[in-house]
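**Student:** here is a sequence with its predicted model. Questions after.
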Amino acid sequence: MDKKNTTLGEFIIENQSSFQYSSGELSKLINAIRLAAKVVNHEVNKAGLIDILGAAGDTNIQGEDQQKLDVLANDRFIQTLKNREIVCGIASEEEDHFISVNSHDEKHQNKYVVLIDPLDGSSNIDVNVSVGTIFSIYRRVTPIGSPVTLEDFLQPGINQVAAGYIIYGTSTMLVYTTGDGVNGFTLNPAIGTFYLSHPRMEFPETGKIYSVNEGNYIHFPQGVKDYIKYCQREEDDRPYTSRYIGSLVSDFHRNMIKGGIYIYPKSSTASEGKLRLLYECNPMAFLAEQARGKASDGFRRIMEIQPTELHQRIPFFCGSRKMVEKAEEFMAAQK
C-alpha cells in the first residue's frame, strides 16, 4: 500500500501490534480523538460566520479569560470521550478538577486517562491564526474497578503511552506518537478522512529559528537573555530568525519541520512559568523526544519531572536537540 494513501484508521490497525499494550482500546481512543478533532475543525472553520468568536465571559482555573471556542472544544472532546466509553478519567485545562468516567456496562473497567488542552492558542482565533488541540494518554495506576483518583493523572511524562496534537491551520493535521516515532496525518475535508502525509517526522539536529515572546525580555532570567543575544549575534551560521506565533502547537509544528527552538521561560511576572506541565509540556516533550528533539525546563528533562498539581506550570525549552542544549548551557552558567 502506498504510504501516502494510508488513512489514519488503516495506520492504527497496521501498527497496533507495535504497541506494548496491544488490546485495541488505545486504537479506539485515538479514533475517538480523531472524531472529536473533525467536529472541532468544522466549528473552527465557521469562526466569523456564527457567534463563536470572542470571550465567553468566564475564566478558567488558571484565571485566564475563556474564549467561546475554548468552551465549545472542551465540551466536544469530553462528550466524545465519554460517549465512546473507553476512558476512566479525563482532565482538561478548562476544568477545575478531573472527571471520573463510568462505563455503562462495567464500572471503572477502562484502563486509560486522557489529559487535554482542547484549544491551544484560542485567543488567535479572532485574527485567523492557526490554533490546536493537545492530548496526552496514560494507563491508570490505581486498581481497575475503582474510581480514578488524582494519582492517576499526576504521573511523570515518561509514563505516557501516547500523545499528540491537532493543528487547525491552512490544512488540518493530526500528529501523534505511541512511543514508536511521530507521524502526521492531513485531513481531506472533501471526504472527512485523515491521510498519512508526514511519515516519521523528525526535528533537524539544529535550526535557525528561535520562538520566544521577546516582548517579555525584560522579565526573563539572565540565562534566557544571554541565549537570545547569542541567537541574534552575527557569527558562524547566525543570526537566527525570530518566529513566534503565540500558539504552542503552531510554533512547535513549524520548528519540528524546519528546525528551531521554542522557549517559554519563567519570569519576574510568572515565577513558575506559564505553560502547564500535564496538558502542554509533557505531551510536547514526548513528541519532541520521539522526533529526535529535546525538551527541558532549562535544567531538567521535562518527562522526568514528578507532577504535584493538576494545573502545575513550568518553564519550557523544546525543539532541535543542539539548540536546546545550547540554551541549557546559558541557563547553567547563570544558575
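**Tutor:** Ah, there it is. Just so we're clear, the structure is a prediction, and the values are computed from it rather than from any experiment. Numbers count the residues shown, from 1 in each chain.
**Student:** residues in contact with residue 255?
**Tutor:** Residues in contact with residue 255 (Cβ atoms under 8 Å, 6 or more residues apart in numbering) are 203, 207, 209, 211, 261-262, 319-320. In this view, the C-beta of every residue, glycine as well, is placed from N, C-alpha and C.
**Student:** let's see that with 7 Å instead.
**Tutor:** Shown in contact with residue 255 (Cβ atoms under 7 Å, 6 or more residues apart in numbering): 207, 209, 211, 261-262, 319.
**Student:** list just the nearest of those residues to residue 118.
**Tutor:** Nearest to residue 118 out of the contacts of residue 255 is residue 262 (Cβ to Cβ; 20.3 Å).
**Student:** quick revisit: would you list the contacts of residue 255 in CSV and tack on pLDDT and distance to residue 123?
**Tutor:** Below are the contacts of residue 255 laid out as CSV (pLDDT from 0 to 100; distance: Cβ to Cβ, whole Å):
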residue, pLDDT, distance to residue 123
207, 97, 26
209, 98, 22
211, 98, 17
261, 98, 23
262, 98, 18
319, 98, 23
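**Student:** of those residues, just say which sits nearest to residue 182.
**Tutor:** residue 319 (13.7 Å).
**Student:** which helix or strand contains that closest one?
**Tutor:** Here residue 319 sits within strand 316-320, counting by DSSP states H and E.
**Student:** related to what we said a few turns ago, closest one of the contacts of residue 255 to residue 275?
**Tutor:** Closest to residue 275, out of all of the contacts of residue 255 and judged by Cβ to Cβ, is residue 262, at 9.7 Å.
**Student:** what about that closest one, how many residues nearby?
**Tutor:** 29 (other Cβ atoms under 10 Å).
**Student:** what's across from it in the sheet?
**Tutor:** Beta-bridge partners for residue 262, by DSSP bridges, are residue 211, residue 318.
**Student:** re the thing from before, include distance to residue 304 when you put the contacts of residue 255 into JSON lines, please.
**Tutor:** Output for the contacts of residue 255, formatted as JSON lines (distance: Cβ to Cβ, whole Å):
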{"residue": "207", "distance to residue 304": "25"}
{"residue": "209", "distance to residue 304": "26"}
{"residue": "211", "distance to residue 304": "24"}
{"residue": "261", "distance to residue 304": "20"}
{"residue": "262", "distance to residue 304": "19"}
{"residue": "319", "distance to residue 304": "18"}
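**Student:** which helix in this structure runs the most residues?
**Tutor:** For the chain, the helix with the greatest residue count under DSSP state H is helix 25-44.
**Student:** outside of that helix, which residues touch it?
**Tutor:** By Cβ under 7 Å, 6+ apart, helix 25-44 touches 8-9, 12-13, 16, 19, 52, 69, 72-73, 76-77, 80-81, 84, 86-87, 111-112, 131, 133, 135, 137, 161-162, 166, 168, 172, 174, 176, 187, 192, 194.
**Student:** repeat for stretch 257-264
**Tutor:** 203-204, 206-212, 224, 251-252, 255, 273-275, 315-320, 323-324, 327.
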